[in-house]
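[1] need a structure here:
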Amino acid sequence: MNITIFLGAGASAAENLPIQNEIFSQYFKYILPENKNKKMNRELVKFFKDLFFIDVENNDAENINFPTFEEVLGILDLAEQRGEAFKNYKSESYTDENTSISYIRQSLIMLTASALNNATRGSNSYHQLLLENLIKEDLLKDTTFISVNYDIHIDNTIANLYDENKFPVMLNYGIDFSNFKIDTNSWQRPKDPMVNLYKIHGSLNWLYCPICNSITITPFEGGVMRIIENINQAKCLNCGEVTVPIIVPPTYFKNMSNVFLSTVWNKSEMAIRDSDVIVFCGYSFPEADMHIKYLLKRVQTSRKKDNLKVIVVNNHSKKRRSIREKEKNRYKRFLGKDVIYTTYSFEEFADNPKKIIDLAK
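    Just a heads-up that it's a prediction; the model follows:
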């Protein structure tokens, strides 16, 4: 049986990472106070005060009713698409009085990276447990992981499995990194046996060079933070120019045009098409993820195999029944009435993945 495990934010939340609606409060409560004088932070403080009338410096961030990421990024994206602007925030900044919309947008992406990277340093016990149980049940070799998460919990857990003599399984992202030719000591080209991990919204450990169109991986480290903390360590291995993150933020207007992301998406589609079952873990099937819905519908309507079995694992102890029912309806409305919507959590799936995967039989 070929298996795809699709990891959403709830899987990372099991390791105490902030979910999307907690990122603003986490950042402004814990990270901003230590870096108040950085330009990015000064501009973000001003931005939230100017556009949303929120004083993040002088109020308890945990009790602020922040707008959602979709709302904040959505209005910026619309302004850029329409060639319009907000007072003091122009499409392009030609004076010291104005801040460019693109700068604020990039700062919001780095805010996300900072909040997640700060939390990623903790435990990854449930991801570890999941892999151990997949190995025990001899399922890992038949499993592909697809993740919408930027954090590197699953990455590090898979990479740490490698033992040249006892368990020579390598992590494969499906793309070619500059490290393969230039810095082979840090990251080698994977070869069979491999575990495929396709990160369709980017990753904290990917640094993209828009000059020579190459990508560098920073193994076991959220290298995107180098862009904020030490720009000289965020240089391209190929040409020495400054790199940028590949992080697709949660917005209705996602830009998926990056060549490396396109490759990852194509391989994700092929993996799902070849799968017998896909298990959605910690993923609520949000309305904004139309690209994922498009991919799934393409797969559903072009398979030579039997219908794709869909299992949803996205429960937790504080989840209200009304929320579960709405979520269940979203899945069944789009993917069909045969979706197996369970009451299991990601933690329970990690503890016994075979029991849940066998529901598809």
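[2] low-scoring stretches of the stretch 101-250 of the chain, by residue?
    119-122 (pLDDT under 70).
[3] now do the strands in it.
    143-147, 170-172, 194-199, 202-209, 214-217, 244-247 (DSSP state E, counting those that start in this stretch).
[4] now do the strands in the stretch 251-361 of the chain.
    Taking DSSP E, counting those that start in this stretch as the test, the strands found in the stretch 251-361 of the chain are 277-281, 309-313, 340-341.
[5] of the strands of the stretch 101-250 of the chain, which approaches residue 226 most closely?
    strand 202-209 (7.5 Å; C-beta to C-beta). Glycine gets a C-beta too; all of them are placed from N, C-alpha and C.
[6] just checking, residue 111 touches residue 44?
    Yes. Between residue 111 and residue 44 there is a contact under C-beta atoms under 8 Å: 6.5 Å.
[7] coming back round to it: now the strands of the stretch 101-250 of the chain as a markdown table including distance to residue 57?
    Shown next, in a markdown table, are the strands of the stretch 101-250 of the chain (distance: least, C-beta to C-beta, whole Å):
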| stretch | distance to residue 57 |
| --- | --- |
| strand 143-147 | 34 |
| strand 170-172 | 41 |
| strand 194-199 | 34 |
| strand 202-209 | 26 |
| strand 214-217 | 35 |
| strand 244-247 | 25 |
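[8] residue 16: which of those strands is closest?
    Residue 16 lies closest to strand 202-209 among the strands of the stretch 101-250 of the chain, at 16.1 Å (C-beta to C-beta).
[9] mind checking pLDDT for residue 338?
    We have a pLDDT of 89 for residue 338.
[10] report the contact partners of the spatially closest residue to it that is not a sequence neighbour.
    In space, and not counting its chain neighbours, residue 338 is closest to residue 307: 7.0 Å by C-beta to C-beta, 6 or more residues apart in numbering. Taking C-beta atoms under 8 Å, 6 or more residues apart in numbering, we find residue 307 in contact with 300, 336, 338.
[11] and the last one, how far from residue 278?
    Look at residue 338 and residue 278: by C-beta to C-beta, to the nearest Å, they are 13 Å apart.
[12] ok, these two, which is more surrounded?
    Neighbours per residue (other C-beta atoms under 10 Å) separate residue 338 from residue 278, with residue 278 holding more: 23 against 11.
[13] quick check: beta-bridge partners of the more buried one?
    When bridges are called by DSSP bridges, residue 278 pairs up with residue 4, residue 310.
[14] was I right to think it contacts residue 308?
    Yes. Applying C-beta under 8 Å as the test, residue 278 and residue 308 come out as touching, 6.2 Å apart.
[15] now list whatever residues contact both of those two.
    residue 272.
[16] could you report the pLDDT at residue 93?
    52.
[17] measure the most centrally placed residue in the chain to residue 1 for me?
    Geometric centre of the chain, nearest residue: residue 149, 2.1 Å, by C-alpha atoms, centre = their mean. Per C-beta to C-beta, residue 149 is found 25 Å from residue 1.
[18] next, the buried residues of stretch 33-50.
    40, 41, 43, 44, 45, 47, 48 (16 or more other C-beta atoms under 10 Å).
[19] for this structure, what spans make up the helices?
    For the chain, helices defined by DSSP state H occupy the ranges 9-13, 23-26, 39-52, 69-82, 101-120, 125-136, 153-159, 179-182, 225-229, 259-274, 290-300, 321-335, 346-351, 353-357.
[20] would you tell me which of these gets closest to residue 213?
    helix 259-274 (6.5 Å).
[21] mind saving the C-alpha coords of that closest one as CSV?
    Output of helix 259-274 as CSV, limited to C-alpha atoms (Å, rounded to 0.1, in the frame of the first residue of the first chain):
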residue,chain,number,x,y,z
VAL,A,259,10.8,27.1,-10.0
PHE,A,260,11.7,24.9,-7.0
LEU,A,261,8.2,25.1,-5.5
SER,A,262,6.8,24.1,-8.9
THR,A,263,9.0,21.0,-8.9
VAL,A,264,7.9,20.1,-5.4
TRP,A,265,4.2,20.6,-6.4
ASN,A,266,4.6,18.4,-9.4
LYS,A,267,6.2,15.6,-7.4
SER,A,268,3.5,16.0,-4.7
GLU,A,269,0.9,15.5,-7.4
MET,A,270,2.6,12.4,-8.7
ALA,A,271,3.0,11.0,-5.2
ILE,A,272,-0.7,11.4,-4.4
ARG,A,273,-1.7,10.0,-7.8
ASP,A,274,0.3,6.8,-7.0
